[in-house]
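In: need a structure here:
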Amino acid sequence: MLLTVEPDGDDPIYQQLRDQIVVAVATGVLAPGDALPTTRQLAADLGINMHTVNKAYDRLRAEGLVRLGRRTGAVIARGPGDGAADAEETADWERRARTLLAEAFAKGMAPPEVLERCRAVLDEFTGR
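Out: As a prediction, the model looks like this:
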């Protein structure tokens with residue numbers, strides 16, 4: 001899996017890393033049990049601070065997508081279809097989705113177009 005960052009992008013680098021790993025899990029590029037690069041290795045490869053990688057990995061751990069261990073490093077903990085999200089995860093996802101949907105609506109996108117685009121993205125993850 002190839003991770004890239006845009007140092008001058010709108011999103012913080014740790015968020016860019018987190019988002020790319022989440023997409024890789026959703027699309028099946030990364031599966032449960034797959035190891036991620038060490039924080040030092042990824043930081044060196046991308047030319048970024050090791051603490052930035054730590055922050056991305058820690059967020060993924062807090063979200064339950066990654067297990068962090070002294071001996072195993074960062075390992076994908078679960079993938080699509082590995083059980084339903086709990087109430088807290090669902091509420092957090094809804095809060096973030098609400099903001100994205102509000103942005104689309106505020107910028108003039110019609111609800112049918114928003115739904116169509118959401119379906120297209122979901123289809124990417126489900127292989128349709």
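In: and the gap between residue 24 and residue 30?
Out: Here the criterion is C-beta to C-beta, to the nearest Å. By it, residue 24 lies 4 Å from residue 30. Quick note: C-beta positions are derived from backbone N, CA and C, even for glycine.
In: now swap in residue 41 and tell me
Out: In terms of C-beta to C-beta, residue 41 sits 16 Å off from residue 30.
In: comparing the two, which residue is more hemmed in?
Out: residue 30 (22 against 13; other C-beta atoms under 10 Å).
In: so the more buried one sits in a helix?
Out: No: secondary structure of residue 30 (DSSP: H, G, I helix; E, B strand; the rest coil): coil, not part of a helix.
In: next one: the helix ranked longest in the chain to chain centre, how far?
Out: Of all segments of type helix in the chain, defined using DSSP state H, the longest is helix 87-106. Remark: helix 87-106 is offset 15 Å from the chain centroid, using C-alpha atoms, centre = their mean, to the nearest Å.
In: try stretch 52-61
Out: Remark: stretch 52-61 is offset 11 Å from the chain centroid, using C-alpha atoms, centre = their mean.
In: now do the buried residues in that stretch.
Out: Neighbour-count burial for stretch 52-61 flags 52-60 (criterion: 16 or more other C-beta atoms under 10 Å).
In: list the buried residues in stretch 24-34.
Out: Residues of stretch 24-34 classed as buried under the neighbour-count rule (16+ other C-beta under 10 Å) are 24-26, 30.
In: look at residue 68 and give its secondary structure.
Out: Counting by three-state DSSP, the backbone at residue 68 sits in strand.
In: what's the neighbour count on it?
Out: 16.
In: shaky segments in the chain?
Out: Applying pLDDT under 70 to the chain picks out residues 81, 83-84, 128.
In: 80 instead?
Out: Applying pLDDT under 80 to the chain flags the ranges 1, 79-86, 127-128.
In: list residues touching both of residue 24 and residue 30?
Out: By C-beta atoms under 8 Å, 6 or more residues apart in numbering, residue 24 and residue 30 have these common neighbours: residue 1.
In: contacts for stretch 73-92, please.
Out: Residues from elsewhere that reach stretch 73-92 (C-beta under 8 Å, 6+ apart): 25-26, 28, 30-39, 57, 60-61, 63-69, 93, 125.
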